[in-house]
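Chemist: Sequence and predicted model, in that order:
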Amino acid sequence: MSRRRRRRSIGSFILGIIELILAIVIFALIAMAAAYFFCPLKKVDVEGTDLYTKDEIVNYIIDDDYSHNTVYAFIKNKLFPKGDAEFIESFDVSIKGPNHLTIICNEKPILGYIMTEDGKYLYFDYDGNITEISETFVDRGYMQVDGVSLDEPKIGKALPIGDDEMGYLLSLIKILRKNELMPNAISYDEKSHITIRYETYSIALGSSYLLEEKIDRMLRILPQIEGLYGTLHLENYSNQNTDIVFEKDEVSE
């Protein structure tokens, strides 16, 4: 009798598992049918970028016939997210309603760019790492860096400047941003000395020695050279040498 009871209990357990699986399958089929009939995608919002048109983003994410269903498009982009678009690090797709999706574009962080000899732009982030290599110029006022070259540029690769030079660059940018004085370009020379360029004039800062003091003096002098053409020389500024020279360019009217 005990063996029969065991067989019955095992059989009941297996039957219960089968019934549970069938219930899950039936529920899934009903949910899929409901999603198919009641959740056709009618509205898509795009946020987070102006580098692409709304239609370009929508066509990139909603890329097959099945994706024109709200639930399917959401699940697909959660399981297989896209992130290989130029200047876009990732896309977040969320459901706002049975017929409504929102696509949030998370752009790659960009501090500035280097222009290569073959006409490409190497965009880099706040850590000095290349985030994008493109033939497209993004006109957002990003700072250009000259005097730096890479033999084999790759995304994720650091700019070929030392930690001290990178620290100098980031400190300088932080101060300039704070004072709303971001330049058009920053140039390195062979000694890693920096010159910053604006529309009509340049400022030679030299090394990072006494950087804050140099910037403080620069801020006082800028109103006097606004609109002039030339170079403000601060590279030799020190506690012993406080003479600052503005070397005018000869510009024909």
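Modeler: Right, received. Where do you want to start? Numbering: from 1, shown residues only.
Chemist: So for stretch 185-197, what gets flagged as buried?
Modeler: Under the neighbour-count criterion of 16 or more other Cβ atoms under 10 Å, stretch 185-197 has 185-188, 192-197 buried. In short, each C-beta sits where N, CA and C put it, glycine included.
Chemist: what are the ranges of the strands in the protein?
Modeler: Secondary structure of the chain (DSSP state E): strands located at 43-47, 88-97, 100-107, 112-115, 121-124, 130-134, 143-146, 185-188, 194-197, 201-206, 230-233, 245-248.
Chemist: what about stretch 53-67, distance to the chain center?
Modeler: Stretch 53-67 sits 21 Å away from the centroid of its parent chain (Cα atoms, centre = their mean, to the nearest Å).
Chemist: for stretch 194-212, same thing?
Modeler: 26 Å.
Chemist: quick revisit: report the two of the buried residues of stretch 185-197 separated the most.
Modeler: Spatially, the most separated pair among the buried residues of stretch 185-197 is 192 and 197, at 16.8 Å (Cβ to Cβ).
Chemist: shaky segments in the chain?
Modeler: Where the chain drops to pLDDT under 70, the residues are 1-16, 19-20, 22-38, 251-253.
Chemist: follow-up on the earlier one: compare the strands of the chain and give me the one nearest residue 165.
Modeler: For these, the distance to residue 165 is smallest for strand 185-188, at 7.5 Å, taking Cβ to Cβ.
Chemist: which secondary structure elements does that closest one contact?
Modeler: Where contact means 3 or more Cβ pairs under 8 Å, 6 or more residues apart in numbering; DSSP states H and E, strand 185-188 is packed against strand 143-146, helix 163-178, strand 194-197.
Chemist: Which neighbours in the sheet does the last one have, and how are they oriented?
Modeler: Read it as strand 194-197. Here strand 194-197 has these sheet partners by DSSP bridges: strand 185-188 (antiparallel), strand 201-206 (antiparallel).
Chemist: Just send those strands back as JSON lines, with distance to residue 95 too.
Modeler: Output for the strands paired with strand 194-197, formatted as JSON lines (distance: least, Cβ to Cβ, whole Å):
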{"stretch": "strand 185-188", "distance to residue 95": "44"}
{"stretch": "strand 201-206", "distance to residue 95": "52"}
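Chemist: Residue 96 is nearest to which of these?
Modeler: strand 185-188 (42.7 Å).
Chemist: re earlier: of all the strands paired with strand 194-197, which lies closest to residue 232?
Modeler: Among the strands paired with strand 194-197, the nearest to residue 232 by Cβ to Cβ is strand 201-206 (4.6 Å).
Chemist: Can you tell me how far residue 105 is from residue 141?
Modeler: Residue 105 sits 20 Å away from residue 141, going by Cβ to Cβ, to the nearest Å.
Chemist: which of these two has more neighbours?
Modeler: Neighbour comparison, residue 105 and residue 141: the larger count goes to residue 105, with 21 against 8 (by other Cβ atoms under 10 Å).
Chemist: Correct me if wrong: the more buried one contacts residue 45.
Modeler: No - taking contacts as Cβ atoms under 8 Å, residue 105 lies outside contact range of residue 45: 11.2 Å.
Chemist: before we move on, back to that, next, format the helices and strands packed on strand 185-188 as CSV and append distance to residue 115.
Modeler: CSV is the format used below for these (distance: least, Cβ to Cβ, whole Å):
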stretch, distance to residue 115
strand 143-146, 7
helix 163-178, 17
strand 194-197, 14
